[in-house]
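Visitor: Please work out how this folds:
(2 chains)
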Amino acid sequence: AQSVTQLDSQVPVFEEAPVELRCNYSSSVSVYLFWYVQYPNQGLQLLLKYLSGSTLVKGINGFEAEFNKSQTSFHLRKPSVHISDTAEYFCAVSEDQRNFNKFYFGSGTKLNVKP
Amino acid sequence: EAGVAQSPRYKIIEKRQSVAFWCNPISGHATLYWYQQILGQGPKLLIQFQNNGVVDDSQLPKDRFSAERLKGVDSTLKIQPAKLEDSAVYLCASSLPRGRGRYNEQFFGPGTRLTVL
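Guide: Next comes the predicted model:
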């Protein structure tokens, strides 16, 4: 991918409110799309992925994302957040190279869920 | 199933010193990745191995960084000499090889936090 852009570096939200974390990408080849979550002092954990098929994908912990090819976006949503969702979220793109997948990550969005 | 193991978890060194990080991938995962995650940024792929061969090292600063994966299992990433801007978390990840599907999920280790003074 030429770039993976996460438009919001921080998103504060109250518990039980809906949230959307935005991700846009640019690429000239076919891509796979991912969202990862990172809790403090831990590695990245896969939330969900889009490989093909339905553009609305559901992941763990009640998160979902929608792939919009025309807008080159893959926004992450959750209808009602919990305190435990406080973490940093990374959007990632995998480009289909000749014999391997090349991964690019966005700069991350810190989700801060307040009581 | 054991996850990706990394050591050490934390390392503090002075600039111009050398440092090495170790990664043990999930058993059976032929593909191994090293990422650099600078504070406030997303992970940046440094090098990707398939078994013990390098498939992509285009973003590895080869004048000071090196990596090897002997016998296609464990891997070490070395920095020699370190600079202040190398302060970051170094993440290792592994996955099944692409030949078993066009995409296989990456599993990440907890990372090594490097501070260069």
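Visitor: Show me what the lowest-mean-pLDDT helix or strand in chain A is in contact with.
Guide: Least confident helix or strand, chain A: strand A:101-105 with a mean of 86, by mean pLDDT, DSSP states H and E. Residues from elsewhere that reach strand A:101-105 (C-beta atoms under 8 Å, 6 or more residues apart in numbering or on different chains): A:1, A:3-4, A:25, A:32, A:36, A:90-95, B:33, B:35, B:42-45, B:48, B:56, B:98, B:102-103, B:106. C-beta here means a position set from N, CA and C on the backbone, and glycine is covered the same way.
Visitor: try stretch A:59-70
Guide: Contacts for stretch A:59-70 (C-beta under 8 Å, 6+ apart): A:33, A:35, A:37, A:46-50, A:55-58, A:73-80, A:85.
Visitor: Out of these, which are close to chain B?
Guide: Among the contacts of stretch A:59-70, proximity to chain B is found for A:L46, A:K49 (C-beta under 8 Å from any C-beta of the partner chain).
Visitor: Name only those of the contacts of strand A:101-105 that count as buried.
Guide: Buried members of the contacts of strand A:101-105, counted by 16 or more other C-beta atoms under 10 Å in any protein chain shown: A:1, A:4, A:25, A:32, A:36, A:90-95, B:33, B:35, B:42-45, B:48, B:56, B:98, B:103, B:106.
Visitor: how big is the angle separating the longest strand along chain A from strand A:101-105?
Guide: Taking DSSP state E as the criterion, chain A has its longest strand at strand A:87-96. If you take axes from the mean of the first three to the mean of the last three C-alpha atoms, to 10 degrees, strand A:87-96 sits at 150 degrees to strand A:101-105.
Visitor: partners of strand A:87-96, with directions?
Guide: Sheet pairing of strand A:87-96 (DSSP bridges) gives strand A:31-38 (antiparallel), strand A:101-105 (antiparallel), strand A:109-114 (antiparallel).
Visitor: so how far is that strand off the chain centroid?
Guide: Taking C-alpha atoms, centre = their mean, to the nearest Å, one finds strand A:87-96 lying 6 Å from the centre of the chain it belongs to.
Visitor: List of residues touching it?
Guide: A:1, A:4, A:6, A:21, A:23, A:25, A:27, A:29-40, A:44, A:47, A:74, A:76, A:101-106, A:108-111, B:42-43, B:102-103.
Visitor: Quick check: B:G3 touching B:P25?
Guide: No - contact criterion C-beta atoms under 8 Å: B:G3 and B:P25 do not qualify, at 9.3 Å.
Visitor: more crowded one of these two?
Guide: Between B:G3 and B:P25, B:P25 has the larger neighbour count (other C-beta atoms under 10 Å in any protein chain shown), namely 27 against 14.
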